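[1] quick one, fold the following:
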Amino acid sequence: MAKVSFRNVWKKYGDMPAVKDLNIECPDGSFLSILGPSGCGKSSTMRMVAGLEHITAGDILFDEQRINDLAPKDRDVAMVFENYALYPHKSVYENMANPLKLRGQDASRIKERVTAAAKLLEISQLLERRPQELSGGQKQRVAIGRAIVREPKLFLFDEPIAHLDAKLRAHMRGEIKHLQRSLGTTMIYVTHDQLEAMSMADTIAVMHEGELQQLGSPREVYNNPVNAWVAGFVGEPAMNFVDCNVDQRGEKTAFVHPNFNIAVTDEQARILSAQSKQKTVRMGIRPDALAISLDQPAGEHLKGQIYVTELLGGDMIVDVELAGERIRVKTAPEFEGEEGQTCYMTANRDKWHAFSKETGQAFF
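    Modelled structure (predicted):
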């Protein structure tokens, strides 16, 4: 096991920076997910840790030991790729045993480790098969098993389940999380899928255009995004954004829009008053923090027209038009609203957010 530290790490391809001044601490035995869209620098970060890419500037440390100049074979790191990278002519047993044979381990030790890893991954019955005889999920388990037998200090997972079908991805998420807890080994997991990061990791590093946007627990990143980009990227369905004026009259501060005028909480009013220059903000609210009804409520509310409804089994997503803008509401499947009907929404004001229109930084 190893503590992994990124200290002012840069990666450039020519003059183009792919990773910019990255600083992350990954504690010993923790599960870190590096999350971001294609081209954000997450795979370059992973490859620098593995030794497959040169570090342009800064340092990566394992247990406070600088590893920038160590060869990949000397870093005691095991990597699991998206495409499995199994030898097609070798059996499952031989694929899993291969890294130990290359290290000159004796046959009895190899058998012991491979058998133990296969039992942990529940693939003991597949050891004599070849990769072409396995399903996608079974191949992925073999690739993970090949990494496990090495007993490395650090596991690196590079979008390992990205091309599996939805049901198998959900199953493998649970399996990988359970595996990490069972082994207690430090794991860095790269993904573009926020559901994978949210459901598995202890800590999420959200990256965009080569820069670290936010580092925190899944709950922190979801409930307290530092900017509008993180807020819109993390969460499914995505957060709604509506441009509003901030109206401060006496003791009341409200978000004002052609379709609503809703007072904020006292703490939110205090924060907004400190931003004296901010007369217009981007209000953000997640679909599950809105309640929708066809009957006009007595209190403050938002008014709109139903654009379309989407039934998703145990939930329904309702797209609502608000004066040229569109927001989404997550509600119960029993909701009977139809396209074109007027609807009313109430907001959980403890769960809405305000962002600067100019910088995107969060006020709350």
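[2] show me where the stretch 1-150 of the chain has helices.
    Secondary structure of the stretch 1-150 of the chain, counting by DSSP state H, counting those that start in this stretch: helices at 42-50, 92-102, 107-121, 136-148.
[3] count of neighbours near residue 160?
    Using other C-beta atoms under 10 Å, residue 160 has 24 neighbouring residues. Where C-beta positions appear, they are placed from N, C-alpha and C, glycine not excepted.
[4] nearest residue to it other than its sequence neighbours?
    residue 80 (4.9 Å; C-beta to C-beta, 6 or more residues apart in numbering).
[5] beta partners of the one you found?
    Beta-bridge pairing of residue 80 under DSSP bridges involves residue 157.
[6] counting neighbours, what do you get for it?
    Neighbours around residue 80, by other C-beta under 10 Å: 23.
[7] same thing with residue 140?
    Neighbours around residue 140, by other C-beta under 10 Å: 25.
[8] in contact with it, which residues?
    Neighbour list for residue 140: 80, 84, 160-161, 164, 172 [criterion: C-beta atoms under 8 Å, 6 or more residues apart in numbering].
[9] okay, who's weakest in those residues by pLDDT?
    Across the contacts of residue 140, the bottom pLDDT score, 79, is held by residue 164.
[10] skipping adjacent residues, who's closest to residue 176 in space?
    Closest to residue 176 by C-beta to C-beta, 6+ apart is residue 200, at 6.3 Å.
[11] contacting residues for the one you found?
    31, 33, 173, 176-177, 180, 189.
[12] using PyMOL, define a selection of the buried residues within the residues you listed.
    To isolate the buried members of the contacts of residue 200 in PyMOL, using 16 or more other C-beta atoms under 10 Å:
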select buried, resi 31+33+173+176+177+180+189
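[13] filter the contacts of residue 200 down to the ones in helices?
    Applying DSSP state H to the contacts of residue 200, the entries found in helices are 173, 176-177, 180.
[14] can you redo the helices of the stretch 1-150 of the chain as a markdown table with distance to residue 59?
    Below are these laid out as a markdown table (distance: least, C-beta to C-beta, whole Å):
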| stretch | distance to residue 59 |
| --- | --- |
| helix 42-50 | 11 |
| helix 92-102 | 27 |
| helix 107-121 | 32 |
| helix 136-148 | 25 |
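[15] would you mind telling me which of the ones you listed is nearest residue 327?
    For residue 327, the closest of these is helix 42-50, at 29.7 Å, according to C-beta to C-beta.
[16] starting at the chain centroid, how far to that closest one?
    On the basis of C-alpha atoms, centre = their mean, to the nearest Å, helix 42-50 sits 16 Å off its chain's mean C-alpha point.
[17] helices along the stretch 151-300 of the chain, start to end?
    Using DSSP H, counting those that start in this stretch, helices in the stretch 151-300 of the chain cover 166-183, 194-200, 218-223, 228-233, 266-274.
[18] ok, which of these comes nearest residue 249?
    helix 266-274 (11.0 Å).
[19] the closest one: which residues count as buried?
    For helix 266-274, by 16+ other C-beta under 10 Å, it's 268-269, 271-272.
[20] cool, and stretch 167-187?
    169, 172-173, 175-177, 179-180, 183, 185-187.
[21] gap between the residue nearest to residue 160 and residue 104?
    23 Å (C-beta to C-beta, to the nearest Å).
[22] domain boundaries for this structure, per the record?
    4-233, 240-356 (automatic domain parsing).
[23] in a markdown table: those, plus distance to residue 363.
    Converted to a markdown table, these look like this (distance: least, C-beta to C-beta, whole Å):
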| stretch | distance to residue 363 |
| --- | --- |
| domain 4-233 | 11 |
| domain 240-356 | 4 |
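[24] which of those is buried the deepest?
    Most buried of those, by mean neighbour count (mean count of other C-beta atoms under 10 Å): domain 4-233, with a mean of 18.
[25] endpoint to endpoint, that one covers what distance?
    Its first and final residues considered, domain 4-233 spans 26 Å by C-alpha to C-alpha, to the nearest Å.
[26] quickly find the element holding the residue nearest to residue 317 when sequence neighbours are not counted.
    Nearest residue to residue 317, sequence neighbours excluded (C-beta to C-beta, 6+ apart): residue 310, at 4.4 Å. Using DSSP states H and E, residue 310 falls within strand 302-312.
[27] still on that earlier bit, between the buried residues of stretch 167-187, which sits nearest residue 6?
    Among the buried residues of stretch 167-187, and counting by C-beta to C-beta, the member closest to residue 6 is residue 186, at 13.3 Å.
[28] which residues touch that closest one?
    Per C-beta under 8 Å, 6+ apart, neighbours of residue 186: 1-4, 26-32, 153-155.
[29] kind regards, and thank you for your time.
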